[in-house]
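In: Generate a structure from the sequence data that follows.
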Amino acid sequence: MGNKTHPKAMRLGYTADWESKWFSPREMPALIGEDFKIRALVKDTFRLAAVSWVGIERAGSYLRVNIHTARPGVVIGKKGVDIEGIRTRIESLTQRKTFINVMEIKSPELDARLVAEAIALQLEKRIAYRRAMRRAMERTMQSGALGIKVMVGGRLNGSEIARREWAREGRVPLHTYSADVDYGTCEAHTTAGLIGVKCWIFKKQHFVKTAKEFQQMAKAAESTETTKEALAAAAPAAPAPASEGGKTNADA
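Out: Have a look, this model is predicted:
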């Protein structure tokens, strides 16, 4: 798919889903800008809450915001104060009745955006980029991922000339549409300048791919049909139905 194509772009509608779910051809430009403002507001408000992505659903004058985070307690706040505050701000921004759902991410090591944020946070603390990348990759592979690729770019370690460095462990098949590849980016604000972090995580394969696996499925189906036919042949014959008077034909 190349370096210029978002791994999720060509998979939308097949193995990936949209983050915004609504349809309005007339108001589409305004609503797209509104979605951008809502996501920026949530990200800035909960900067330390490990928010991965924000799903937005619209139905008439109603708006639903689904916040996917690894720390739901930080988003909700004490007695729900923080969640109510963000709901009020979104309602004043959009002039719509807003409902907010907080979704917990149970495996943050398998979320590409959260992994990129973790690496960026370490770079801001002046940890060597190779060490930060290696730590993140080890944790992701231990969590059950099939592959991970991390790329950092900028004035690494304070060098005068910016460059890009990347590392990969396992396999990351970007050309395979049936592969579940998660992609995330983040930026680290360091004293030397801005350092960009990109992360690709290959989680699983959605569909059968090889001819050998198709043959195995066909053999399994044939054996199942053979078993059903054998059971049907070995089943005893059903008894003859009784007549209207309650007697069988033999009694008559």
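In: excluding its backbone neighbours, what's nearest the residue most central in space within the chain?
Out: Most central in the chain under Cα atoms, centre = their mean is Asp182, positioned 6.4 Å from the mean C-alpha point. Leaving aside its chain neighbours, Asp182 sits nearest to Ala112 (4.1 Å; criterion: Cβ to Cβ, 6 or more residues apart in numbering). From N, CA and C alone the C-beta is placed, and that goes for glycine too.
In: before we move on, the earlier item: doesn't the residue nearest to the centre of the chain lie inside a helix?
Out: No - looking at Asp182 with DSSP: H, G, I helix; E, B strand; the rest coil, it is strand, so not inside a helix.
In: burial measure for the residue nearest to Asp182, as a count.
Out: A count of nearby residues for Ala112, using other Cβ atoms under 10 Å, gives 26.
In: Tyr14 contacts Asp180, doesn't it?
Out: No - using Cβ atoms under 8 Å, Tyr14 is not in contact with Asp180; the gap is 10.9 Å.
In: Lowest-scoring secondary structure element of the chain by mean pLDDT?
Out: Here the helix or strand of the chain ranked lowest by mean pLDDT, DSSP states H and E is helix 211-234, holding a mean of 78.
In: Let's see it as CSV, backbone CA atoms only.
Out: Written as CSV, here are the backbone C-alpha positions of helix 211-234 (Å, rounded to 0.1, in the frame of the first residue of the first chain):
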residue,chain,number,x,y,z
ALA,A,211,-5.4,-22.8,-0.6
LYS,A,212,-4.3,-25.4,2.0
GLU,A,213,-6.7,-23.9,4.5
PHE,A,214,-9.5,-24.1,1.9
GLN,A,215,-8.7,-27.8,1.4
GLN,A,216,-8.8,-28.5,5.1
MET,A,217,-12.2,-26.7,5.4
ALA,A,218,-13.6,-28.8,2.5
LYS,A,219,-12.4,-32.0,4.0
ALA,A,220,-13.9,-31.1,7.3
ALA,A,221,-17.3,-30.3,5.6
GLU,A,222,-17.2,-33.7,3.7
SER,A,223,-16.5,-35.6,6.9
THR,A,224,-19.4,-33.8,8.6
GLU,A,225,-21.8,-34.7,5.7
THR,A,226,-20.6,-38.4,5.8
THR,A,227,-21.3,-38.5,9.5
LYS,A,228,-24.8,-37.1,9.1
GLU,A,229,-25.6,-39.7,6.4
ALA,A,230,-24.4,-42.5,8.5
LEU,A,231,-26.4,-41.4,11.5
ALA,A,232,-29.5,-41.0,9.3
ALA,A,233,-29.1,-44.6,7.9
ALA,A,234,-28.6,-46.1,11.3
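In: burial measure for the nearest residue to Glu104 once chain neighbours are set aside, as a count.
Out: Leaving aside its sequence neighbours, Glu104 sits nearest to Pro72 (Cβ to Cβ, 6+ apart; 4.8 Å). Residues lying near Pro72 (other Cβ under 10 Å) number 16.
In: Adjust the sequence numbering to begin at 27 for everything that follows.
Out: Happy to do that; since the first residue is 27 now, the last one works out to Pro98.
In: for Pro98, what are its contacts?
Out: Contact analysis of Pro98 by Cβ atoms under 8 Å, 6 or more residues apart in numbering lists 128-130.
In: so where's this structure uncertain?
Out: Along the chain, segments meeting pLDDT under 70 span 27-30, 234-236, 261-278.
In: now with 90?
Out: 27-43, 50-51, 73-76, 85-87, 98-109, 120-121, 183-184, 199-206, 218, 230-278 (pLDDT under 90).
In: So which residues of it form strands?
Out: 46-47, 77-85, 88-95, 123-130, 173-180, 189-196, 205-216, 219-231 (DSSP state E).
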